[in-house]
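**Student:** need a structure here:
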Amino acid sequence: MRASFRNEPFMDFNNEWNNKLYDAALSGVEAELGQSYPMVIGGAKIHTERTANSVNPSRKHQVIGVVSQANTELAEQAIQTAARTFETWKHTEPSERARYLFKAAAIMRRRKLEFSALMTLEAGKSRAEADADTAEAIDFMEFYAREMQRLSAPQPLTVHEEEENHLYYIPLGVGIVIPPWNFPLAIMAGMTTAAIVSGNTVVLKPASTTPVIAAKFVELLEEVSLPPGVVNFLPGPGQEVGDYLVDHPLTRFISFTGSRDVGLRIQERAAKTQPGQRWIKRVIAEMGGKDAIIVDNEADLELAADAITASAFGFSGQKCSACSRAIVHEDVYDIVLQKVIDRSKKLVIGSPSNAEAQVGPVIDDKAYRKILDYIEIGKSEGKLVLGGFPGDPEGYFIQPTIFADVASTARISQEEIFGPVVAFTKAASFDEAIRFANNTDYGLTGAVISNNRAHLEQARRDFHVGNLYLNRKCTGALVGIHPFGGFNMSGTDSKAGGRDYLLLFTQAKAVSERF
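**Tutor:** Coordinates of the predicted model:
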């Protein structure tokens, strides 16, 4: 019997030996830059004339890899391959499917530095952020493997004296997995392995800015001898290939993490029944947030400043859980604002290949331009008190930016920026702070810093988010500990890393035999 689930430990980068190991891993990855990566359909590696370069956002002229791009003809081939493979994979014993995940997790654990170093180069993640991403990928595989074993065990039903009754969780069919670039290993691996351990087959369309880390993960699945066709790797343009996959009548479900606009587009397209379609397509979506940290007038202000700074500027604010709004009681507003400014000024900005770097680049030129546009909007909506300008032109660097005295209805308080920008809003009371926090279309994460028990209990009831954190930062969910997913326009409240997540990839079948 396998031991109960435990989270993968993080590396301590205060230990100089760990930094030396990481430097060696970076050197190893850099030696392989510029390679070509094919798509993989049914185990066959397919190179195409149409390719796209994945680049280092810290050094935008450095090519990480050259990735073949699919068209609709290859998308059709991938769907048909996944559908054929499903007919055998669905009959594979759940415990056997789980063992593929356990093996993949074990190999990734041994090659943890390699995967993390690749994310530092391809996604611009600092050492700590990349290490946490790889650890989470391991966690997802370990957790979902155990969950499938639990769901495949006899399910408790009320006894009927004249019948024998069983409930089985069976797979859905062919799934389209469309992961994000900001957690290019953890979320991609979690979405993919949750689907396949449940007995489904997958067409994996990786994020266009981080396809190489996805290709390396697909190579890992080949290494553990996952049968060909269970996961089909299909990089390609979203509106061409993505729409084709979503619309296809053989597609049974779409698992998506990304922006609100794309998620709603997928939901709308999936809702239309195609000729030959025999089911209602299921959409499992996580679509971002506009997350707030509330600071009460009875609070540990040092903790508050630490939480806001870490949540706002970790990975340059490119987390769906990032703090983009600080809603602070007027009694302590000026103090907290100054403490966050002081902390943010000390952050080290630069290439995450360097051990001392704390804030790296944003992901690409599109994000770079969008964030700078929002900074210009913010200048008319609040008082710019820190940052507001680009960094080293060698990469897509933007200084940590703080706006003060921003109305709760301002655009930079309402719209997801996905960058190192935080808006401070003053609240006259805790009730008003809760109203401001809920005054958004999103409902993913939030935090409350307070020593007032009544206010903490009020937040439990009234702060409408899927993941609420009390007296800690609003980022850093752990698999199995903080099942993750939000309300409203943040998605379908699919709790990744929770005990109900695999239910989204299965359907329950009850069988009754009368004696």
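**Student:** same question for the longest helix along the chain, mean pLDDT?
**Tutor:** Longest helix of the chain, by residue count under DSSP state H: helix 127-152. The pLDDT scores in helix 127-152 average 98.
**Student:** Mind giving me the packing neighbours of whichever helix or strand comes after it?
**Tutor:** The helix or strand immediately downstream of helix 127-152 is strand 163-171, counting by DSSP states H and E. Applying 3 or more C-beta pairs under 8 Å, 6 or more residues apart in numbering; DSSP states H and E, one finds that strand 163-171 contacts strand 506-514. Placement of C-beta: from N, CA and C, glycine included.
**Student:** which residues of the stretch 251-400 of the chain fall in helices?
**Tutor:** Using DSSP state H, counting those that start in this stretch, the helices of the stretch 251-400 of the chain run over 260-271, 301-313, 333-345, 365-381.
**Student:** Give me the distance between the shortest one and the centre of its chain.
**Tutor:** Think helix 260-271. Distance of helix 260-271 from its chain centroid, counting by C-alpha atoms, centre = their mean, to the nearest Å, is 18 Å.
**Student:** Check stretch 332-347 too.
**Tutor:** With C-alpha atoms, centre = their mean, you get 28 Å for stretch 332-347.
**Student:** what does stretch 311-331 give?
**Tutor:** With C-alpha atoms, centre = their mean, you get 17 Å for stretch 311-331.
**Student:** ok, and for that stretch, which residues are buried?
**Tutor:** 311-329, 331 (16 or more other C-beta atoms under 10 Å).
**Student:** returning to what we had before: just send the helices of the stretch 251-400 of the chain back as TSV, with mean pLDDT and distance to residue 506 too.
**Tutor:** Below are the helices of the stretch 251-400 of the chain laid out as TSV (pLDDT from 0 to 100; distance: least, C-beta to C-beta, whole Å):
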stretch	mean pLDDT	distance to residue 506
helix 260-271	97	18
helix 301-313	98	34
helix 333-345	98	44
helix 365-381	98	35
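**Student:** hey, which of these is tucked in deepest?
**Tutor:** helix 301-313 (a mean of 22; mean count of other C-beta atoms under 10 Å).
**Student:** low pLDDT regions in the stretch 1-150 of the chain?
**Tutor:** 1 (pLDDT under 70).
**Student:** ignore the last one, the stretch 351-500 of the chain
**Tutor:** Within the stretch 351-500 of the chain, no stretch has pLDDT under 70.
**Student:** Do you have the strands of it handy? List them.
**Tutor:** 383-386, 401-404, 421-427, 442-443, 445-449, 467-470, 487-488 (DSSP state E, counting those that start in this stretch).
**Student:** how about the ones you listed in CSV, adding mean neighbour count and distance to residue 67?
**Tutor:** As requested, these are exported to CSV (neighbours: other C-beta atoms under 10 Å; distance: least, C-beta to C-beta, whole Å):
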stretch, mean neighbour count, distance to residue 67
strand 383-386, 15, 37
strand 401-404, 26, 32
strand 421-427, 26, 30
strand 442-443, 26, 32
strand 445-449, 30, 32
strand 467-470, 19, 33
strand 487-488, 18, 35
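**Student:** Go through those strands and name the closest to residue 35.
**Tutor:** Set against residue 35 and scored by C-beta to C-beta, those come closest in strand 421-427, at 35.3 Å.
**Student:** now that closest one against helix 333-345, angle please.
**Tutor:** Angle between the axes of strand 421-427 and helix 333-345 is 170 degrees (criterion: axes from the mean of the first three to the mean of the last three C-alpha atoms, to 10 degrees).
**Student:** From the contact counts, what lies against strand 421-427?
**Tutor:** So strand 421-427, by 3+ C-beta pairs under 8 Å, 6+ apart, packs with helix 301-313, strand 323-329, helix 333-345, helix 365-381, strand 401-404, helix 411-414, helix 430-438.
**Student:** Wait, residue 423 touches residue 327, no?
**Tutor:** No. In this structure, residue 423 is not within contact of residue 327 by C-beta atoms under 8 Å, at 9.2 Å.
**Student:** Pretty sure residue 175 sits in a strand.
**Tutor:** Yes. According to DSSP: H, G, I helix; E, B strand; the rest coil, residue 175 belongs to a strand.
**Student:** Could I get the pLDDT score of it?
**Tutor:** Residue 175 is given a pLDDT of 98.
**Student:** What count of nearby residues applies to it?
**Tutor:** 29 (other C-beta atoms under 10 Å).
**Student:** what's near enough to touch it?
**Tutor:** With contact set as C-beta atoms under 8 Å, 6 or more residues apart in numbering, residue 175 has these partners: 195, 200, 201, 202, 203, 251, 252, 253, 254, 255, 505.
**Student:** wait, isn't the third one in contact with residue 88?
**Tutor:** No. Taking C-beta under 8 Å as the contact criterion, residue 201 and residue 88 are not neighbours in contact, 9.5 Å apart.
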